[in-house]
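Asker: Here you go, sequence then predicted model.
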Protein chains: 2
Amino acid sequence: MIISELASTSGTPAATIKFYVREGLLPAGERVGGNRTEYTEEHAHRLRLIRAMLEVGRLSIGSIGQVLAALDRPDAPIAETFEVAQRALARSTASDTSAPSARALDRVDALIDRVGWAADCHDNVGRGIAAQAVDAFANAGYELPDSYLDAYADAAQRVASADLTAVGELADPSDMAELMVVGTVLGDSLSLGLRRIAQAHVTSERRLP
Amino acid sequence: MIISELASTSGTPAATIKFYVREGLLPAGERVGGNRTEYTEEHAHRLRLIRAMLEVGRLSIGSIGQVLAALDRPDAPIAETFEVAQRALARSTASDTSAPSARALDRVDALIDRVGWAADCHDNVGRGIAAQAVDAFANAGYELPDSYLDAYADAAQRVASADLTAVGELADPSDMAELMVVGTVLGDSLSLGLRRIAQAHVTSERRLP
């Protein structure tokens, strides 16, 4: 298809498509003589991914580039692709204004051990993000009890199991890697939305003053 | 305390404190003769809240103002304060570029009914946020199965129960409202961080290619 068709199929203006090509987010189309450049269904698919990461994940162009670069290494093990993508995502999501305290990191490490997560989880980017949240609760005057952290970890494990079950149902390793990455971005939004609704439900159930 | 003491206690520069007062985020100090203005522990507490919402929640100054205004209505029922705050937060968090499709909204409504959440949950801001995520998954080529949504809803319910248990342990209604609001912002970050770690754990457990 030509660029105007790609633009209307994907709902992305032609100028934006050209910008993504210049930024390396999208492979260039194939020149087929004269002024004509051909784009394929693969371009349309990648545009949908970029759009999901931009609009729902609110990632920066730079982070999207890193995530896509991780997806473009087809021989890498999925766990490795996923780790690269998680790190790129973390830069868009986490507050980078202050490093977490040693105390909060210790609490997250103790949590990882308490719930029996694998030893290499201590190197995961999520450790710093969770520790920053623990610090922020403490700064706002709330020392989170272990039972609260345990409940959140239990919920996280359920969500991650659903993620990996969905991934495991795919046949193609590159589709699997893609769903891990896209699911990480979009699943955050889904979690956030459902958490709001669940809070409203539990609030109405418990009859607060 | 005077402004320089408030600045050093809270780790917020005096110029920023004055900016927050002008923006209505922080009540003005009390003039106690001449050039001297007195600030109290309440100012320090509110500065910590603002900082948590800015740095970890990444809310805009405008959204923080709306959240604090909701907290400043001490006679309002907690559920109402919370709803106002949720709406202010949603403007900072949700993608507002495209309205969710009727189909995605139907799926979230069916989910709310399936898991037995209260009828007024259909009016919650989270409904649109979750529906946008469902749309984005579909646009990226993944039609989420009901089992996936059910697992996420189950996790959301666990997290919301932990939130409301923490709130229920406080005695003062204004502290309760504050924890609901702060917990909503900071709990999103905590969820996100722990979800990353849990994904790494489940990935290593399931041995993907």
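Answerer: Yep, it's here.

Asker: Let me see the mean pLDDT of whatever helix or strand A:Arg103 lives in.
Answerer: A:Arg103 belongs to helix A:102-114 when assigned by DSSP states H and E. For helix A:102-114, mean pLDDT is 97.

Asker: Past it, which element shows up next along the chain?
Answerer: Taking DSSP H and E, what comes next after helix A:102-114 is helix A:125-139.

Asker: That following helix vs chain B: in contact?
Answerer: Yes. Shown here: helix A:125-139 in contact with chain B (C-beta under 8 Å from any C-beta of the partner chain) through A:125-134, A:136-137, A:139. (Glycine included, C-beta is placed from N, CA and C.)

Asker: In those, find the pair that's most separated.
Answerer: The most widely separated members of these, counting by C-beta to C-beta, are A:Val125 and A:Asn139 (21.4 Å).

Asker: Residues touching stretch A:23-41, excluding its own?
Answerer: By C-beta atoms under 8 Å, 6 or more residues apart in numbering or on different chains, the residues outside stretch A:23-41 that reach it are A:1-3, A:5-6, A:17, A:20-21, A:42-43, A:46-47, A:50, A:61, A:64-65, A:68.

Asker: how does it look with 10 Å?
Answerer: Residues from elsewhere that reach stretch A:23-41 (C-beta atoms under 10 Å, 6 or more residues apart in numbering or on different chains): A:1-3, A:5-7, A:9-10, A:12, A:16-22, A:42-43, A:46-47, A:49-50, A:53-54, A:61-62, A:64-65, A:67-69, A:72.

Asker: okay, which residue is most central for chain A?
Answerer: Geometric centre of chain A, nearest residue: A:Val185, 2.7 Å, by C-alpha atoms, centre = their mean.

Asker: hang on, isn't that one packed against A:Ala90?
Answerer: No. Counting by C-beta atoms under 10 Å, A:Ala90 is not a contact partner of A:Val185; they are 11.5 Å apart.

Asker: any common contacting residues for those two?
Answerer: A:Ser63.

Asker: The helix-or-strand element of chain A with minimal mean pLDDT packs against which elements?
Answerer: Lowest by mean pLDDT, DSSP states H and E among the helices and strands of chain A is helix A:78-93, with a mean of 74. On a contact count with 3 or more C-beta pairs under 10 Å, 6 or more residues apart in numbering or on different chains; DSSP states H and E, helix A:78-93 meets helix A:61-71, helix A:125-139, helix A:173-206, helix B:173-206.

Asker: B:Val115: which of those is closest?
Answerer: helix A:173-206 (8.6 Å).
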